[in-house]
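K.L.:
From the sequence below, what's the structure:
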Amino acid sequence: MTLQLHAFDTPNGRKISVALEEMGLPYDVHIVDITKNEQFDPAFLAISPNNKIPAIVDPEGPGGRPISVFESGAILIYLAEKTGRFWPREPAAHVATMEWLMFQMGGFGPIPGQVHHFIALDSETDRRYGLERFMTETRRLYSVMDKRLAQHAFFAGAEPTIADFAIVGWAWRHPRHKVDLADYAHVKRWYDTMMARPAVARGFAVPLRRG
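P.N.:
Numbering: from 1, shown residues only. Okay, the predicted model is just below:
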């Protein structure tokens, strides 16, 4: 049966649309317009109690019963376990996938997200400290990724995993957090490779806004 993707056009929403396309799972999009506070609607809160997108509903969850899943990292793991794809069973690659997924969830997402916040402020005084702090840390995270990708084609090794889907959603916004990928040659090589994958392109092309 068809899954439901409840999302908006954000890095976290795109992580899941990319994963669904890569895994070949049928899904319907239910747009949750966070610019209109639709994430606070009771119907959405019933499947995402932290009022954050994305969330999914799987009509054929464990035991064939419907299940909803919120938090993008949990969704990626759920989908990977459901399909057995992009979720290596070889122990070292499995651990690496978990490490880099958590790297994204804990750092390469929250930190550039702060850049997005401060860069939009009107007050130069308010912007200055926040941008200096969070842009410095964002660039450090890109350096960490660049060093990893100097030795591996993808974050967990030779093949893409859900960790790559998680990270590419945020790397997609590099212009917004004022990072030139030319400064990180290995990240750029990886990013260009990911964005050239047909399923990734489809995942980014899925309409996640109305109109």
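K.L.:
what about the strands in this protein?
P.N.:
Assigned by DSSP state E, the chain shows strands spanning 3-7, 27-31, 55-58, 67-70.
K.L.:
Turn these into TSV, including mean neighbour count.
P.N.:
C-betas here are computed from N, CA, C, even on glycine. Formatted as TSV, the strands of the chain follow (neighbours: other C-beta atoms under 10 Å):
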stretch	mean neighbour count
strand 3-7	22
strand 27-31	16
strand 55-58	24
strand 67-70	18
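K.L.:
will you turn the ones you listed into TSV that also has mean pLDDT and distance to Arg85?
P.N.:
Conversion of the strands of the chain to TSV gives the following (pLDDT from 0 to 100; distance: least, C-beta to C-beta, whole Å):
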stretch	mean pLDDT	distance to Arg85
strand 3-7	98	15
strand 27-31	98	15
strand 55-58	98	15
strand 67-70	98	17
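K.L.:
Of all those, which one is nearest Leu149?
P.N.:
strand 3-7 (27.1 Å; C-beta to C-beta).
K.L.:
starting at the chain centroid, how far to stretch 109-117?
P.N.:
In terms of C-alpha atoms, centre = their mean, to the nearest Å, the centre of stretch 109-117 is set 13 Å apart from its chain centre.
K.L.:
Over to stretch 170-188?
P.N.:
So, by C-alpha atoms, centre = their mean, the centroid of stretch 170-188 is 15 Å from its chain's centroid.
K.L.:
ok, now stretch 58-66?
P.N.:
Remark: stretch 58-66 is offset 24 Å from the chain centroid, using C-alpha atoms, centre = their mean.
K.L.:
Show me the domain layout of the chain.
P.N.:
3-86+200-205, 91-197 (automatic domain parsing).
K.L.:
Gly211: which of those is closest?
P.N.:
That would be domain 3-86+200-205 among the domains of the chain, by C-beta to C-beta, at 10.0 Å.
K.L.:
For the domains of the chain, could you give me a markdown table that also reports distance to Gly211?
P.N.:
Listed next are these as a markdown table, based on distance: least, C-beta to C-beta, whole Å:
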| stretch | distance to Gly211 |
| --- | --- |
| domain 3-86+200-205 | 10 |
| domain 91-197 | 21 |
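K.L.:
Please look at Arg14 and Ala205 and confirm they touch.
P.N.:
No: shown here, Arg14 and Ala205 do not form a contact pair, counting by C-beta atoms under 8 Å, at 10.2 Å.
K.L.:
Give me the more crowded residue out of the two.
P.N.:
Neighbour count, other C-beta atoms under 10 Å: between Arg14 and Ala205, Arg14 has more, with 25 against 10.
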